[in-house]
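In: pasting the sequence and the predicted model now:
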Amino acid sequence: MPAKSKAQQKAAGAALSAKRGKTPKSKLKGASREMVDSMSEKQLEEFASTRRKGKPQHVAH
């Protein structure tokens, strides 16, 4: 499932970095902190690899 906004894509990238041990989890904030525990590495890769062109900055809930 691709990310629906630029913010989701960026948060997934940060969470993926923490999941792989490149960034400490303590540096994460907001959605990325929740994503790192609730999503698999494969799911995070799918979200993070989504192209940003044409995506809105944020999506309303």
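Out: That came through fine.
In: quick one: pLDDT of the residue nearest to the spatial centre of the chain?
Out: Nearest residue to the geometric centre of the chain (CA atoms, centre = their mean): residue 12, 0.9 Å. What the model reports as pLDDT for residue 12 is 94.
In: how about the one 4 residues further on?
Out: The predicted structure scores residue 16 at 95 on the pLDDT scale.
In: that one: neighbouring residues, count only.
Out: By other CB atoms under 10 Å, 23 other residues sit near residue 16. For glycine as for every other residue, the C-beta is placed from the backbone atoms N, C-alpha and C.
In: what do you get for residue 51?
Out: With other CB under 10 Å as criterion, residue 51 counts 9.
In: from here on, count from 34
Out: That works, and once the first residue is 34, the last one we named lands at residue 84.
In: follow-up on the earlier one: who's in contact with the residue nearest to the centre of the chain?
Out: 36, 65, 68, 72, 77, 80-81, 83 (CB atoms under 8 Å, 6 or more residues apart in numbering).
In: include neighbour count and secondary structure when you put the residues you listed into TSV, please.
Out: Below are the contacts of residue 45 laid out as TSV (neighbours: other CB atoms under 10 Å; DSSP: H, G, I helix; E, B strand; the rest coil):
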residue	neighbour count	secondary structure
36	21	coil
65	23	helix
68	23	helix
72	17	coil
77	24	helix
80	21	helix
81	19	helix
83	18	coil
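In: most widely separated two among those residues?
Out: 65 and 83 (14.8 Å; CB to CB).
In: below-threshold pLDDT in this structure: ranges please.
Out: When residues are selected by pLDDT under 70, those of the chain lie in 94.
In: what segments of it are helices?
Out: 39-52, 63-71, 74-81 (DSSP state H).
In: select, out of the ones you listed, the one closest to residue 87.
Out: Once these are compared by CB to CB, helix 39-52 is nearest, at 9.9 Å.
In: now that closest one, how far from the centre of its chain.
Out: Centroid displacement of helix 39-52 relative to its chain, using CA atoms, centre = their mean, to the nearest Å, is 3 Å.
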